[in-house]
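Student: Let's see this in three dimensions:
(4 chains)
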4 protein chains.
Amino acid sequence: AKLWGGRFEESVTDTVEKFTESISFDKELYKHDIMGSKAHASMLAKQGLMSDGDRDSILRGLEEIERKIESGEFVWRTDREDVHMNIEAALTDMIGEPAKKLHTARSRNDQVLTDFRLWCRDAIDRILGSVKRLQAALVTLALKNEELIVPGYTHLQRAQPVLLPHLLLAYVEQLERDAGRLHDCRVRMNFCPLGACALAGTGLPIDRFMTSDALGFTSPMRNSIDAVSDRDFILEFLSANSITAVHLSRLGEEWVLWASEEFGFITPSDSVSTGSSIMPQKKNPDPMELVRGKSARVIGDLVTLLTLCKGLPLAYNRDLQEDKEPVFDSVKTVIGMLEVSAEFAHNITFNQERIRKALPAGHLDATTLADYLVHKGMPFRTSHDVVGRAVALCVSKNCQLQDLNLDEMRSISPVFDKDVYEYLGVDNAVKKFRSYGSTGSACVADQLDYWAAKLEINRSGNN
Amino acid sequence: AKLWGGRFEESVTDTVEKFTESISFDKELYKHDIMGSKAHASMLAKQGLMSDGDRDSILRGLEEIERKIESGEFVWRTDREDVHMNIEAALTDMIGEPAKKLHTARSRNDQVLTDFRLWCRDAIDRILGSVKRLQAALVTLALKNEELIVPGYTHLQRAQPVLLPHLLLAYVEQLERDAGRLHDCRVRMNFCPLGACALAGTGLPIDRFMTSDALGFTSPMRNSIDAVSDRDFILEFLSANSITAVHLSRLGEEWVLWASEEFGFITPSDSVSTGSSIMPQKKNPDPMELVRGKSARVIGDLVTLLTLCKGLPLAYNRDLQEDKEPVFDSVKTVIGMLEVSAEFAHNITFNQERIRKALPAGHLDATTLADYLVHKGMPFRTSHDVVGRAVALCVSKNCQLQDLNLDEMRSISPVFDKDVYEYLGVDNAVKKFRSYGSTGSACVADQLDYWAAKLEINRSGNN
Amino acid sequence: AKLWGGRFEESVTDTVEKFTESISFDKELYKHDIMGSKAHASMLAKQGLMSDGDRDSILRGLEEIERKIESGEFVWRTDREDVHMNIEAALTDMIGEPAKKLHTARSRNDQVLTDFRLWCRDAIDRILGSVKRLQAALVTLALKNEELIVPGYTHLQRAQPVLLPHLLLAYVEQLERDAGRLHDCRVRMNFCPLGACALAGTGLPIDRFMTSDALGFTSPMRNSIDAVSDRDFILEFLSANSITAVHLSRLGEEWVLWASEEFGFITPSDSVSTGSSIMPQKKNPDPMELVRGKSARVIGDLVTLLTLCKGLPLAYNRDLQEDKEPVFDSVKTVIGMLEVSAEFAHNITFNQERIRKALPAGHLDATTLADYLVHKGMPFRTSHDVVGRAVALCVSKNCQLQDLNLDEMRSISPVFDKDVYEYLGVDNAVKKFRSYGSTGSACVADQLDYWAAKLEINRSGNN
Amino acid sequence: AKLWGGRFEESVTDTVEKFTESISFDKELYKHDIMGSKAHASMLAKQGLMSDGDRDSILRGLEEIERKIESGEFVWRTDREDVHMNIEAALTDMIGEPAKKLHTARSRNDQVLTDFRLWCRDAIDRILGSVKRLQAALVTLALKNEELIVPGYTHLQRAQPVLLPHLLLAYVEQLERDAGRLHDCRVRMNFCPLGACALAGTGLPIDRFMTSDALGFTSPMRNSIDAVSDRDFILEFLSANSITAVHLSRLGEEWVLWASEEFGFITPSDSVSTGSSIMPQKKNPDPMELVRGKSARVIGDLVTLLTLCKGLPLAYNRDLQEDKEPVFDSVKTVIGMLEVSAEFAHNITFNQERIRKALPAGHLDATTLADYLVHKGMPFRTSHDVVGRAVALCVSKNCQLQDLNLDEMRSISPVFDKDVYEYLGVDNAVKKFRSYGSTGSACVADQLDYWAAKLEINRSGNN
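Tutor: Residues are numbered from 1 along each chain as shown, chains lettered A, B, ... in the order given. Have a look, this model is predicted:
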């Protein structure tokens, strides 16, 4: 019989039991459920709602249950519905009467949210660790290839030359904001619902500040109905994860491109590649394809949660039981994506020679040339047009800008002088950058210093 | 070592192995994988690509493996990546050399899609069975309450009186279109990718029509690149499921409303209700709340798949490994929603007395009254205005339209005559409906006949 | 000819021009585009990249263009593609040569992001204003009905009695977190991309700190590639909007329920209701239905953006032009939802009498009764069971808990004593609540004080 | 005053009017609204519910209104809410009394769905036309490059050689299924809701079969509640559009890759390319980037609709007013994507020389070599391993498989004989394919014949 079965004459059908159970997934919360129950029991004892002896039995019983769960001895029962009832019923089996006092001034509604907020708080901390590891892997990779010039792209067309570290640091910046979002989310969720009970609070003399403190929350939530009905803390959490996942999907796309025969920028080691069951020559960058692909499920999890919560009246509705699996899946997926990306970063080699050889294609110095004309006093729009015509000439001659002789240049604009050749070619072009945040060598070196210090990477050791 | 390891010198790291494995979920395909392999081996033998002896060893080996899987003896190994490699490697362990010929003229790319299409085809058949069971449950419920008049709502405001069966049949109609979509999807997906190999087909003399026939497909797919790269068959499938799930979410919402104290239309039996851990009096219609809520994950699964496929170039990309879990989840969820809804339908009682008593509220006969004036020759817009003023009078007097006396009526419009009372009151109002598809008794009886026959329900027995 | 047309020999086809234009929607950015261009021109002049005279012509020209746009005189041209090119070309038409210097050390890539961040910053401020107005409307409504007890629901089943203000404040709390999210988003987005140029920065001697300051940004963005390629600031913004929208959809659902004949809690005034074209008696709470419904498009807008950004390589890709419409739509929709909800709140009346009369139904005092037994020393699980049986007795007798006499109570448990009647009935039950955050009168009064002060509402005036 | 204003004493506030109006977008339905009203009026007259004279006034009036709308003379008024009320009120202004009879036995609920189904039916036909044009463009492009061999990819790694037409036909196949889905959707939606009225039908003697026939529907819908409440026809429609959009996003990705410097497969003409405001050399394949990007909004539109409908009780709810914009946007976007893709296909040139030169890279003949060994009797798994080792040897020697001499080959396996060289090299490899649906020349030529005939393309003229 269910623990809530007082007024019921029939038990639920098998179909219903199977459809409504949550123990198959919410057992993930066991550690935080036990943590919450221990804090609750201690508070009840302090407030005179149970004896110290009962409290001690409960605490010892819960610890024993935790031990059993971790050793695999604990038997989860579907007929006991969820993690809360499984643990409470097992406690009752173990210690008898005192266990029946544990649920005093508590509902599963506030209990599950206490567990879940604690779980999410830990999950955020784990993700933050993985974010930092990926940032460090990217910075390390940048330090290994500090001087490497690669084509920068817009529209996947070659645009301007950039230093590889500059490009890798763009991802480090994204990840830093991802961490910021998670941190904000953590601060906002770290309030304690325990004591909100079913929805209205209680008339029993509990001390919500005590349990809140014991569990490391900032303070109890101010409104009991809000406490049990809202799920914005996980909507925000999964939003943050989705943005991180989108960032990683872009990294995945880029590295898959770079590993292609056509780009040929990187060679992943065998230890992060897989082969084909039919084509003997294949070596595929699967982990980064999966990083790209798995972003979809992180987004799908968010959509599930948003759609789930849409249009529900106050306070708790059973629909909300569906809130956990998307969160568990999102967390597991994002951590996997971060970790495997870091592993991949540690296992790729840049094909410096090949990249270097391919750099002349694409007129990457054209914008630098336009800037040259601006230096000479030509309005930018005019210089853009002039250089556009110079490029057209190169296309027709199948040559690079630096291959044009001064006469050819002057036939397009008399402003060109022989110092123009100091602006042409990829090396010259990249040297000219100097604006804050640009790909100029000094700017990029400063940024590498900044990030190496922040991430505690031994910069010199990596050069 | 992996079966594709010929050119590899290092094995993948643990992080990568764990991140890229699929055996934890794609073992769901085992039965269809074995079915496909058996058809493939038979074809290879017939085409002279293996001996009959080899084929027989393979067939017996595969049957033994199937038996072991179903009895729980089979050990799935993560280092063997996926269901295909697990089964092939186990077959090799069991029968040796001949097993090495099984993957002739086949890639995992066409193999997995063959498995997956077979699995989906079966899943559609299972869902169609559940759809029909829910339709039957709804019609049965309608037959039990054939004469019951309930308020019809728009904007959740009482609108016009309708027969309960009319309302229940609206869901039956929705489900019939759901079935139609699944059927169309089944027809469109039932083409065989086997023999497309990695992406380009093969030079070996295979017979794709033979395997296609053996597996019950309509014919082989016409283009090998299309065969291995597209996933529209599951996008369509999950779209169909999402629409079904939205329909069921509406049923869930409606029945949750009906079970509330305020509506009080239905009483679910204890066997489909659950209680509260804190509030002893509660009896909640949880299954229908979960039906409503679980629609969200079916939608989320679709979003995952659409996002997954967006922007992938041809042909196969590893991202597509992520295509299975959303489909498995969607199918399991939709079947659960359909089955539990049917179970709920079989376990509710309509509170006929209470519904009857509450019917006068809401001026449900106002539109019938406007039609009365149209019968008398008044333009509808004018009659709408006249009745609107009559309702305003009722609101101010806190009475029903039938409570107005003829003088009061005539003070609003002289067209009213004493036959007006034949149009007032809910019973009169409902009797007036006669248009095709309307809630008129004869129309609804015809519809019940239609559906009872179609669903093979013994109509008389239920009256 | 396009301003970038130097190397082009053909102009784009009509189909392409129509498909790729953005002027039909990005003109929304005109004010911020002009603001950015003015800051940019001033910086260029200060850095010696244009003369003060050119700068002054530009500033005057831009102001004139702004005036023309606002007066409706300005003609937007599709062949000029977007808001940037329309304004620059118009400036050139107006002031000639100096205009050609405006785009020095600037690309549309950094320009549009500068505009867009400025626009979003303003949009957030507007939404924050609307959030506060809705909070104030809810608190005002609470103050008008400070003593009103309503049923609190879980599973849409009557659960425990709550004070209406307690329930309304749950929404105020949600909105406060919504505001917090927007605030965090604003802080994180308020960095200046201007000067990142196409993707790599520039060799021209610009001062990015000057433009950043002039435009009210915290500082320039640190990495030029990140600056032009990432869109996380709007992903975060639309996530925050989606969560707000979900909150409002729940308010919408609740108020639609409350306005139904069956709940009958509120009567909206005619000024926020609409009628039916066919049913003369109808008065529908359409604004709140639309609030509920419009949450869907806010979620859809977020999904569009997440899917858009998924899998794009660095840096800018034209796909990203699609980033604006979802943001504009999300902002407009959320503001509309907030404003109309506030208007609705100001135009509803609670039917105190009717609510009061219906309160006895649902055994709202059952949990209070269980707490009574806990006070008497009974373990909670036992008391839950005892009260469950008392409720079952009431159901069979069709009465309330307070209608049971002491003998009947004692037949269930001898612990009941005559002081039990101080715990029964809704008024007694609500009086018993005392935990922090509960629905107890004193707690709720404190909360009302807190919010009235914070929102600067004259509390006494409203009583 | 509103046409439904009989019982109302106050008009709605400006905020509410602006928030609830739909005329700003639903005027898109005007043509189908008028079409529906004409059929309805004719039926009312035939059934004796209005005189022939009234009918004729109405028909003439509606035609005049249609003319005015199309000439731009018609003034849409927000205070008249929607397209239906705008047209009806304008008709009343124009012809007086008879107009008041038009809304007899009709509600806006069934009216708007009639309009909307008609609109969608036409939209499907327009999309089907665009699908066919893109298929024709792809087949034409295939015919222009009938002999061109390109690398086929999996994991974006070179896999096997394929004929370009084979690859382009993969998209033609996808589009054919897209058309099939739209066709099925059209059949399923082509039922007439007119006469369902508000939700319950009517007591007036209408003939629903007459209006259904007149409007080209298959038959009237069977259930009036279903008719006004369900939106599955647009959920299915937007699902079909989303799948098409995903297909096109993949084409977009592929063509963007092909247009890159690194792949260099295609050169788009200037007429389908755009430039950069800062980088004078840029020529970007923007239309295909936008095709890829716009898929996101089509998916977002679907999510909006699914979320919108989730959890709504029967029958009509005002939320459903939000159903139109996503459909309009989805249709417009998908048509644009299809048309611009066709235009792009007509404006690209394959760089045959460059592609040819790059073909040797990637060991595209490795699988053919493995098949060679199978021909010699080696089990496939063994041959896969042997060729894997041959590839490893090539990698270490930086050569192609065909560059290995027979001794080197035999050092790996003695099975190699000198006929092996007939299997090596891309041309040999592609010649070996012969399975149905493969990239073998004969198979592809058959497929081209099939599609050219089906799409009525003059095959010979294109060779």
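
Student: Could you list the buried residues of stretch A:51-59?
Tutor: With burial defined by 16 or more other Cβ atoms under 10 Å in any protein chain shown, the residues of stretch A:51-59 counted as buried are A:54, A:55, A:57, A:58, A:59. C-beta here means a position set from N, CA and C on the backbone, and glycine is covered the same way.

Student: And chain C, is that stretch touching that?
Tutor: No: Stretch A:51-59 lies apart from chain C when judged by Cβ under 8 Å from any Cβ of the partner chain; the minimum separation is 8.9 Å.

Student: Residues in contact with that stretch: which ones?
Tutor: A:37-38, A:41-42, A:44-45, A:50, A:91, A:95, A:97-99, A:101-102 (Cβ atoms under 8 Å, 6 or more residues apart in numbering or on different chains).

Student: now those residues as CSV including neighbour count and secondary structure?
Tutor: Below are the contacts of stretch A:51-59 laid out as CSV (neighbours: other Cβ atoms under 10 Å in any protein chain shown; DSSP: H, G, I helix; E, B strand; the rest coil):
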residue, neighbour count, secondary structure
A:37, 25, helix
A:38, 20, helix
A:41, 26, helix
A:42, 19, helix
A:44, 27, helix
A:45, 19, helix
A:50, 24, coil
A:91, 22, helix
A:95, 19, helix
A:97, 12, helix
A:98, 20, helix
A:99, 24, helix
A:101, 26, helix
A:102, 26, coil
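
Student: and which of those is nearest residue A:297?
Tutor: Proximity of those to residue A:297 was ranked by Cβ to Cβ; the top entry is residue A:37 with 32.5 Å.

Student: farthest pair in the buried residues of stretch A:51-59?
Tutor: Farthest-apart pair in these is A:54 and A:59; separation 9.8 Å (Cβ to Cβ).

Student: any idea which residue sits dead centre in chain A?
Tutor: By Cα atoms, centre = their mean, chain A has its centre lying nearest to residue A:244, at 4.0 Å.

Student: name the element that one belongs to?
Tutor: helix A:232-258 (DSSP states H and E).

Student: and that helix, how far out from the chain's middle?
Tutor: Here helix A:232-258 is found 6 Å from its chain centre; the criterion is Cα atoms, centre = their mean, to the nearest Å.

Student: repeat for stretch A:9-27
Tutor: Averaging C-alpha positions (Cα atoms, centre = their mean) puts stretch A:9-27 33 Å from its chain's average.

Student: Buried ones in it, by neighbour count?
Tutor: Result for stretch A:9-27 [16+ other Cβ under 10 Å]: buried residues A:12, A:13, A:15, A:16, A:17, A:19, A:20, A:21, A:22, A:23, A:26, A:27.

Student: can you tell me which of these are up against chain C?
Tutor: Okay, of those, nothing touches chain C (Cβ under 8 Å from any Cβ).

Student: Per-residue pLDDT of the residue nearest to the centre of chain A, please?
Tutor: In this model, residue A:244 is scored at 98, pLDDT.

Student: rewinding a little: could I get the contacts of stretch A:51-59 as JSON lines with pLDDT?
Tutor: Formatted as JSON lines, the contacts of stretch A:51-59 follow (pLDDT from 0 to 100):
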{"residue": "A:37", "pLDDT": "98"}
{"residue": "A:38", "pLDDT": "98"}
{"residue": "A:41", "pLDDT": "98"}
{"residue": "A:42", "pLDDT": "98"}
{"residue": "A:44", "pLDDT": "97"}
{"residue": "A:45", "pLDDT": "98"}
{"residue": "A:50", "pLDDT": "95"}
{"residue": "A:91", "pLDDT": "97"}
{"residue": "A:95", "pLDDT": "97"}
{"residue": "A:97", "pLDDT": "93"}
{"residue": "A:98", "pLDDT": "94"}
{"residue": "A:99", "pLDDT": "95"}
{"residue": "A:101", "pLDDT": "95"}
{"residue": "A:102", "pLDDT": "96"}
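
Student: Between those residues, which sits nearest residue A:457?
Tutor: Nearest to residue A:457, judged by Cβ to Cβ, of the contacts of stretch A:51-59 is residue A:38 at 40.1 Å.

Student: circling back: identify the residues contacting the closest residue to the residue nearest to the centre of chain A other than its chain neighbours.
Tutor: Take residue A:244 and drop its neighbours on the chain: the residue closest to it by Cβ to Cβ, 6 or more residues apart in numbering or on different chains is residue A:178, 4.3 Å away. Residues in contact with residue A:178 (Cβ under 8 Å, 6+ apart) are A:131, A:240, A:243, A:244, A:247, C:232.

Student: hang on, the first one packs against residue A:337?
Tutor: No: counting by Cβ atoms under 8 Å, residue A:131 stays clear of residue A:337, with 10.6 Å between them.

Student: Who has more neighbours out of those two?
Tutor: Remark: of residue A:131 and residue A:337, residue A:337 carries more neighbours, 30 against 21, as counted by other Cβ atoms under 10 Å in any protein chain shown.

Student: tell me the average confidence for the helix or strand hosting that one?
Tutor: If you go by DSSP H and E, residue A:337 is part of helix A:324-345. The average pLDDT within helix A:324-345 is 98.

Student: For that helix, what is the distance to the chain centroid?
Tutor: Its chain's average C-alpha position is 7 Å from that of helix A:324-345, according to Cα atoms, centre = their mean.

Student: Buried residues, whatever helix or strand comes next after it. List them.
Tutor: Per DSSP H and E, the first helix or strand lying C-terminal to helix A:324-345 is strand A:348-350. Residues A:348, A:350 are the ones in strand A:348-350 that count as buried (16+ other Cβ under 10 Å).

Student: Is chain D within reach of strand A:348-350?
Tutor: No: judged by Cβ under 8 Å from any Cβ, strand A:348-350 and chain D are separated, with a smallest distance of 14.1 Å.

Student: in the stretch 101-250 of chain A, what residue is nearest chain D?
Tutor: Of all residues in the stretch 101-250 of chain A, residue A:155 sits closest to chain D, at 3.7 Å by Cβ to the nearest Cβ.

Student: any idea how far the closest residue to residue A:110 other than its chain neighbours is from residue C:426?
Tutor: Distances taken as Cβ to Cβ, 6+ apart place residue A:196 nearest to residue A:110, at 4.2 Å, with adjacent residues excluded. Remark: distance between residue A:196 and residue C:426 (Cβ to Cβ, to the nearest Å) = 20 Å.

Student: Could you check which of those two is surrounded by more residues?
Tutor: Ranked by neighbour count (other Cβ under 10 Å), residue A:196 and residue C:426 place residue A:196 first, with 32 against 21.

Student: That one in helix, strand or coil?
Tutor: When classified by DSSP: H, G, I helix; E, B strand; the rest coil, residue A:196 comes out as coil.

Student: Same question for the one 4 residues further on.
Tutor: Going by three-state DSSP, the secondary structure assigned to residue A:200 is coil.

Student: what's the answer for residue A:428, then?
Tutor: With three-state DSSP as the basis, residue A:428 sits in helix.

Student: Next, count neighbours for it.
Tutor: 16.

Student: Ok, the one 3 residues further on next?
Tutor: Look at residue A:431: counted by other Cβ under 10 Å, it has 16 neighbours.

Student: quick one: it from residue C:200, how far?
Tutor: 12 Å.

Student: now residue A:8
Tutor: 70 Å.

Student: The two: which is more packed in?
Tutor: A count of neighbours by other Cβ under 10 Å puts residue C:200 above the other of residue A:8 and residue C:200, at 33 against 18.

Student: What score does residue A:162 have for pLDDT?
Tutor: pLDDT, read off for residue A:162, is 97.

Student: Could you name the helices and strands sitting against the helix or strand encompassing it?
Tutor: Element membership of residue A:162 [criterion: DSSP H and E] is strand A:157-163. Strand A:157-163 sits against strand A:149-154, helix A:366-375, helix A:426-432, with contacts defined as 3 or more Cβ pairs under 8 Å, 6 or more residues apart in numbering or on different chains; DSSP states H and E.

Student: could I have it exported to PDB, CA atoms only?
Tutor: Extracted in PDB, the C-alpha atoms of strand A:157-163 (Å, rounded to 0.1, in the frame of the first residue of the first chain):
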ATOM      1  CA  GLN A 157      35.200  32.500 -47.700                       C
ATOM      2  CA  ARG A 158      38.700  33.500 -46.900                       C
ATOM      3  CA  ALA A 159      38.600  37.000 -45.400                       C
ATOM      4  CA  GLN A 160      41.700  38.200 -43.600                       C
ATOM      5  CA  PRO A 161      44.700  36.500 -42.100                       C
ATOM      6  CA  VAL A 162      44.500  35.800 -38.400                       C
ATOM      7  CA  LEU A 163      46.700  34.300 -35.800                       C
END
